[in-house]
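J.: Got a sequence here, can you model it:
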Amino acid sequence: MKLQDELPVDHRLAQVYRIGAGLGGVFLIVFGILGLLDHPSFLDTQGKEVIGLSSNGTLSVISLIAGAVLIAGAVIGGNIASNINMIMGVIFILAGFVGLMVLDSSANRLAFRIPNVLFSFIFGFVVLTFGMYGRVSSHLPQDNPYWKKRHATDDLPSGPPALVKVLKPGAPHPTGH
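T.: Numbering: from 1, shown residues only. Okay, here's the model as predicted:
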């Protein structure tokens, strides 16, 4: 059994994952489009200012792709949206570290400045938090599917497999009724 089978389609957590992915994706697409409007050079290390951030053609295209991935996650929803949020959050945090390393050097091909680095860290942590919401905590409610998955083996009796199957707690599942 996979964890994605445990989360009901209409579970309230799915809405949190979709909202986080959708809002992040829309922002990145708007940033990418505005960055491409003035026909910037693609590997310019100086970049032009867009919504308070520095951007060049390459960063704009990458933003469009990342925004499309987040919006695709929002459309799909469920655990896929959660996983996409977490992956994109980690990617943005790592991009912030890389941007910090190449500031004021010729290797800064995405025209990063300090506001870009700060945005990358903050955006990454926000999207990562949206993805982890309801999945990672020591105080999850017992009806949470992730809590159930982690504690599935806690209540099982020990012994031979045939006996464990008979003694397994839970509601009976009669067939044909």
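
J.: buried sites along the helix or strand hosting residue 79?
T.: Secondary structure from DSSP states H and E places residue 79 in helix 78-102. Neighbour counts over helix 78-102 (16 or more other Cβ atoms under 10 Å) mark 78-86, 88-89, 91-93, 95-96, 99 as buried. In this view, the C-beta of every residue, glycine as well, is placed from N, C-alpha and C.

J.: Point out where the chain drops to low pLDDT.
T.: Residue ranges of the chain with pLDDT under 70: 1-14, 134-177.

J.: where along it do the helices fall?
T.: Assigned by DSSP state H, the helices in the chain fall at 3-6, 12-36, 57-76, 78-102, 114-132, 145-150, 161-167.

J.: Now render these as CSV, adding distance to residue 50.
T.: Formatted as CSV, the helices of the chain follow (distance: least, Cβ to Cβ, whole Å):
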stretch, distance to residue 50
helix 3-6, 37
helix 12-36, 5
helix 57-76, 8
helix 78-102, 16
helix 114-132, 10
helix 145-150, 38
helix 161-167, 61
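
J.: Residue 43 is nearest to which of those helices?
T.: Residue 43 lies closest to helix 57-76 among the helices of the chain, at 6.1 Å (Cβ to Cβ).

J.: Please list the outside residues in contact with the closest one.
T.: Contacts to helix 57-76, defined as Cβ atoms under 8 Å, 6 or more residues apart in numbering, come from residues 17-19, 21-22, 24-29, 31-36, 39-44, 47, 50, 55, 80-81, 83-85, 88, 91, 109-112, 127.
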